[in-house]
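S.K.: would you be able to build a 3D model of this:
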Amino acid sequence: MNNLMNFPYRSLRIDTTGLPLEWIDFKEAAKLYSVGDVVYTLGDHLYTIRGGINAKSGLRSQISINSIIATRGRSKHFQQKLSDFTPPLNNQTLFKRDDHLCLYCGSQYSKRELTRDHVTPISRGGQDIWQNVVSACKRCNNIKGGKTPEEANMGLLAIPFAPSYAEYILLQGRNILADQMSFLLSHIPKSSPIIERMQSKEASPIILKN
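M.R.: This is a model prediction of the structure:
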């Protein structure tokens, strides 16, 4: 159990129709298995949680956790709502959406070196919404100041957008495994800017070795 406290991978929880819902740690996964809410599993085996020994049988209980877990819950009504879904805006997810690039100079930075820039400044009537914010390095943000990109002669490298539900789940993931990545990508259009940026980096998938 102590080893699982620092386990870097999480299971992807989906509903019975295959809709990605959220990332869950080993405690949440074990609870879903123990109460019988897991309908089926996909992907690879991640780890096994071992419990106590049965006094009568002498057998030790155990739960094998997979990388993708389908559970009960979520109705068709919920799925219909997803077309209008707007994820909560925060810097961590914003920077991941923009691949930690400054969308003015094009250089890549750590999250500590990036800022949230409003394309149309708040002082000029701009809103704090996905479609009006981009990742920007501190230097470019300072140069742009309270101007629009056109006024500052600083062209945007990409058009800001609000992530879809599946894109948001992808952006929330850490240490995403190859099977989880493939599953999520199947729910995201190939025309997605997020997919295009990932493909341009030609990053190798992360594979967990048992």
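
S.K.: going forward, measure contacts and count neighbours with C-alpha atoms only.
M.R.: Will do.

S.K.: and Lys76, what pLDDT?
M.R.: Lys76 carries a pLDDT score of 60 in this model.

S.K.: next: the one 4 residues further on.
M.R.: What the model reports for Gln80 is a pLDDT of 65.

S.K.: and stretch 131-145, what's buried?
M.R.: Asn132, Val133, Val134, Ser135, Ala136, Cys137, Lys138, Cys140, Asn141, Lys144 (16 or more other CA atoms under 10 Å).

S.K.: got the domain ranges for the chain?
M.R.: Under automatic domain parsing, the residue ranges defining each domain of the chain are 1-85+163-210, 91-152.

S.K.: would you mind measuring from the residue nearest to Cys105 when sequence neighbours are not counted to Ile69?
M.R.: The shortest distance from Cys105 to any residue that is not its chain neighbour, by CA to CA, 6 or more residues apart in numbering, is 7.2 Å, and that residue is Cys140. Remark: distance between Cys140 and Ile69 (CA to CA, to the nearest Å) = 43 Å.

S.K.: which elements pack onto the longest strand along the chain?
M.R.: Ranked by residue count and defined by DSSP state E, the top strand of the chain is strand 38-53. With contacts taken as 3 or more CA pairs under 8 Å, 6 or more residues apart in numbering; DSSP states H and E, strand 38-53 sits against strand 60-71, helix 178-185.

S.K.: got the angle between it and helix 178-185?
M.R.: Between the axis of strand 38-53 and that of helix 178-185 there is an angle of 150 degrees, by axes from the mean of the first three to the mean of the last three CA atoms, to 10 degrees.

S.K.: ok, strand 38-53: who's next to it in the sheet?
M.R.: Each strand that pairs with strand 38-53, with its direction, by DSSP bridges: strand 60-71 (antiparallel).

S.K.: list the buried residues of the partner strand.
M.R.: With the criterion 16+ other CA under 10 Å, strand 60-71 contains buried residues Ile65, Asn66, Ser67, Ile68, Ile69, Ala70, Thr71.

S.K.: what's the pLDDT at the last one?
M.R.: By that I understand Thr71. Here the pLDDT value assigned to Thr71 is 93.

S.K.: nearest residue to it other than its sequence neighbours?
M.R.: Val38 (4.5 Å).

S.K.: quick check: that neighbour touching Ile65?
M.R.: No: with contact taken as CA atoms under 8 Å, Val38 and Ile65 are classed as non-touching, separated by 10.3 Å.

S.K.: just the domains of the chain: most buried one?
M.R.: Burial of those is given as mean neighbour count (mean count of other CA atoms under 10 Å); domain 91-152 ranks first at a mean of 18.

S.K.: coming back round to it: which element is the residue nearest to Cys105 on?
M.R.: With secondary structure defined by DSSP states H and E, Cys140 is part of helix 138-144.

S.K.: hang on, the earlier thing: so who does the residue nearest to Cys105 touch?
M.R.: By CA atoms under 8 Å, 6 or more residues apart in numbering, the contact list for Cys140 reads Cys102, Tyr104, Cys105.

S.K.: how about the strands in this structure?
M.R.: Taking DSSP E as the criterion, the chain contains strands spanning 11-15, 20-24, 38-53, 60-71, 114-118, 133-137.
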